[in-house]
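Participant: Sequence plus predicted model, see below.
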Amino acid sequence: MYPLVRDGDILDVRPVGDTAIDVDDIVLYRSSSSGIVVHRVVGIGGQGKRVTLLVKGDSVGKADPEVQESQVLGRVESIHRRGRTIAPRSWTSRHVAPLHARLLGLRRWAYRLLKQARMGLRKVIAAVGSGA
């Protein structure tokens, strides 16, 4: 969930109870493969009383496998970091944090592209220098 949730943060998690889980909520759930996970709800589906959630970490490109509502242990109500309280439902938390994570991915892509260009340039310089 980086950059919204970081190492050392303290999460205030409350049981969902009878309140509905909404898109953009951050939930704590039990995953069969990864243990306890905190991710953002990006979609809600299901039929009848069987509700399934589509969840994804802010810095991850694709969503996790569907999560059953029964797997949800609670909703993150606030994040505490070095004396500050961050509201996960605020506009900034819902829009800027995922955008920041996408930009990090773009930065990694740009770095790889520049690295490949530099390698190619070195090959051209070496070929010109050897008279080829």
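Facilitator: Okay, I see it.

Participant: tell me the helices in this structure, going along the chain?
Facilitator: Assigned by DSSP state H, the helices in the chain fall at 91, 97-129.

Participant: Save those helices as JSON lines, and put in mean pLDDT too.
Facilitator: JSON lines is the format used below for the helices of the chain (pLDDT from 0 to 100):
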{"stretch": "helix 91", "mean pLDDT": "76"}
{"stretch": "helix 97-129", "mean pLDDT": "76"}
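
Participant: so Val37 touches Leu53, yeah?
Facilitator: No. Using C-beta atoms under 8 Å, Val37 is not in contact with Leu53; the gap is 11.5 Å. From N, CA and C alone the C-beta is placed, and that goes for glycine too.

Participant: Which phi and psi values does the residue most central in space within the chain adopt?
Facilitator: Closest residue to the average C-alpha location of the chain: Asp58 at 1.8 Å, with C-alpha atoms, centre = their mean. Torsion angles at Asp58 (phi, psi; degrees, to the nearest 10) stand at phi -60, psi -30.

Participant: Fine, thanks again, bye for now.
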